[in-house]
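Student: quick one, fold the following:
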Amino acid sequence: MEKTLLPGDLIFVNKMSYGIRLPITPLTIPLTHHKMPFNEMENSFSTFFQFPYVRLFSSAIKRNDVVVFNYPMEDELPVDHHSFYIKRCVALPGDTLLIDNKEVFINDSLKKGSLQLAFNYHVQTKKTFNQDSLIQFGITEGGRVNTINEWSLTLTEQTKNKLAKSVDVLSIQPIKVDKNAFADYIFPYHNFYKWNIDYFGPLVIPKKGETVALDSNTIHIYERIISIYEENELEHIKDAFVINGDTTNSYTFKMDYYFMMGDNRHNSSDSRFWGFVPENHIVGKASAVVFSVNKGPKATSKYREDRFFKGIE
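Tutor: Numbering: from 1, shown residues only. Sure thing, here's the model as predicted:
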């Protein structure tokens, strides 16, 4: 989420924004998350018994909300003990998402992103920049590549325009990904879906109560939902699927799902890499930066006073 959020920001998260998620793992040492204090070898919780997922006074997430949630891929831990992630919700249950040349379309409509959206650029300069030069432009990610005066830098639109005015900059070109380049590390990790970080979808976001057809291609999108998030026994036998002992070619979702993306689009581990966020993983809405400590090596002030009690947009 950098530059929307910065290292050293203390964030206020409203855990009641989307309703109150009741504890799933009640046998937990208070004020701990994964491990016991001073003992990283021992869990701070017991799974001797767990409650089913329940959310009281549930309310809807809105598109573009900055949401805190439990990271979906830590299957070895109870849901409420997964690591905390923070990303922007770009697509809601039932939405059709398409990313085309970095632009996000929801239900065929182009969606305007945050003012702090950042992408990677190839920059050529007349002379070598040093770290101090980059920091003056607010650039904290990237570095020199190949020759002395060529750089790969992560820039917001504002920073790119500021950099372009420098007499020492010869050119700034976006780093492009080929539309047909299949990235096997991008969800759902199957070459039928020739997707990558800049070209993704179309993908329909699963919605509670909706039914989808299962076949040898769609199963790669829904397998994790069926077997992990919604805890079914799933087998693939020839051209059919067996779910909890019943042969079927369809599945009806038990929960809503969301598609999350970071504003730092080329340097974000988000739903493009690991898929959907289930509703039972939602923690709350990130509402404001309470205060901010500047931990940069060249910081002129310990605190960023201009970020104190600043709302998150």
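Student: now the helices for the protein?
Tutor: Assigned by DSSP state H, the helices in the chain fall at 131-136, 157-164, 219-224, 271-274.
Student: in a markdown table: those helices, plus mean pLDDT.
Tutor: As requested, the helices of the chain are exported to a markdown table (pLDDT from 0 to 100):
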| stretch | mean pLDDT |
| --- | --- |
| helix 131-136 | 74 |
| helix 157-164 | 90 |
| helix 219-224 | 97 |
| helix 271-274 | 97 |
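Student: so of these, which one's packed in deepest?
Tutor: Compared across those, helix 271-274 shows the largest average neighbour count, a mean of 21 (mean count of other Cβ atoms under 10 Å). Glycine gets a C-beta too; all of them are placed from N, C-alpha and C.
Student: can you put the helices of the chain in CSV and add distance to residue 148?
Tutor: Output for these, formatted as CSV (distance: least, Cβ to Cβ, whole Å):
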stretch, distance to residue 148
helix 131-136, 14
helix 157-164, 18
helix 219-224, 44
helix 271-274, 33
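Student: separation between the closest residue to residue 74 other than its chain neighbours and residue 24?
Tutor: With Cβ to Cβ, 6 or more residues apart in numbering as the criterion, residue 74 has its nearest non-adjacent residue at 4.5 Å, and that residue is residue 82. With distances taken as Cβ to Cβ, to the nearest Å, residue 82 is found 11 Å from residue 24.
Student: now swap in residue 148 and tell me
Tutor: Taking Cβ to Cβ, one finds residue 148 at 54 Å from residue 24.
Student: thought residue 241 was touching residue 214?
Tutor: Yes: Residue 241 lies in contact with residue 214 (Cβ atoms under 8 Å); the separation is 5.1 Å.
Student: now for these two: what residues contact both?
Tutor: Contact with both residue 241 and residue 214 is made by residues 248, 249, 251, according to Cβ atoms under 8 Å, 6 or more residues apart in numbering.
Student: on that earlier part again, so which of the helices of the chain comes closest to residue 293?
Tutor: Ranking these by proximity to residue 293 (Cβ to Cβ) places helix 131-136 first, at 16.6 Å.
Student: can I get that closest one in PDB, CA atoms only?
Tutor: Output of helix 131-136 as PDB, limited to C-alpha atoms (Å, rounded to 0.1, in the frame of the first residue of the first chain):
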ATOM      1  CA  GLN A 131      20.300   7.600  -2.700                       C
ATOM      2  CA  ASP A 132      20.000  11.100  -1.400                       C
ATOM      3  CA  SER A 133      18.900  12.300  -4.900                       C
ATOM      4  CA  LEU A 134      16.100   9.600  -5.000                       C
ATOM      5  CA  ILE A 135      14.900  10.500  -1.500                       C
ATOM      6  CA  GLN A 136      14.600  14.100  -2.500                       C
END
